[in-house]
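Undergrad: Pasting the sequence and the predicted coordinates here, then a few questions.
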Amino acid sequence: MHLRATQHRVIGFYYLDSRMYTVDKLGDQLFGRALRLRLASWILARGERKFYQSEPVSEVEGGISNIRDELARFVDLGMVVDVPPTPNDRRRYYRRTNSQLWDAIQVAVDSCRESEAKTGK
């Protein structure tokens, strides 16, 4: 799979058995929803830095309500935690945890990169 982070978006594709798949197709088929893998990849790439709820909207091409739903799912899974707000700050912040579930995301991302290296794309 070819996965590269641009300044504003996560874009990618991969080849499997001579067929090209997009990150969206892989995310949809493997993770149930294309946005879930895009958002997880974005969070993983950030490391443990906190981020606010609407920050990934333009970078992973997802609506705020969809992002909110996926972040709630990641909180339920223990993959991210809500960061307590500071006084006078209305943004909702999250931080990635050390959950072993991130290993699955890393494997998916690495698989995409391996495929990219093999195909030269």
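TA: Received, thanks. Residues are numbered from 1 along each chain as shown.
Undergrad: rest of the way, CA atoms for contacts and neighbours
TA: Fine.
Undergrad: Any stretches of this structure with poor pLDDT?
TA: Flagging of the chain using pLDDT under 70 yields the residue ranges 1-30, 115-121.
Undergrad: packing partners for the top helix by length along the chain?
TA: Ranked by residue count and defined by DSSP state H, the top helix of the chain is helix 101-119. For helix 101-119, the contact count by 3 or more Cα pairs under 8 Å, 6 or more residues apart in numbering; DSSP states H and E identifies strand 2-5, strand 10-16, helix 34-46 as packing neighbours.
Undergrad: Residue 49 - how many residues pack around it?
TA: By the measure other Cα atoms under 10 Å, the count of residues near residue 49 is 11.
Undergrad: same question, residue 67
TA: 21.
Undergrad: can you pull the contacts of it?
TA: Applying Cα atoms under 8 Å, 6 or more residues apart in numbering to residue 67 gives the contacts 39, 53-54, 56-57.
Undergrad: possible to save the residues you listed as a markdown table with neighbour count?
TA: As requested, those are exported to a markdown table (neighbours: other Cα atoms under 10 Å):
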| residue | neighbour count |
| --- | --- |
| 39 | 22 |
| 53 | 17 |
| 54 | 17 |
| 56 | 20 |
| 57 | 18 |
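Undergrad: Which of those residues fall within strands?
TA: Taking DSSP state E, every one of those sits outside strands.
Undergrad: so what's residue 74 closest to, chain neighbours aside?
TA: Once flanking residues are discounted, residue 74 sits nearest to residue 80: 5.7 Å by Cα to Cα, 6 or more residues apart in numbering.
Undergrad: separation between residue 77 and residue 93?
TA: With distances taken as Cα to Cα, to the nearest Å, residue 77 is found 17 Å from residue 93.
Undergrad: Mind checking which of these two has more residues around it?
TA: The residue with more neighbours, out of residue 77 and residue 93 and counting by other Cα under 10 Å, is residue 93; that gives 19 against 12.
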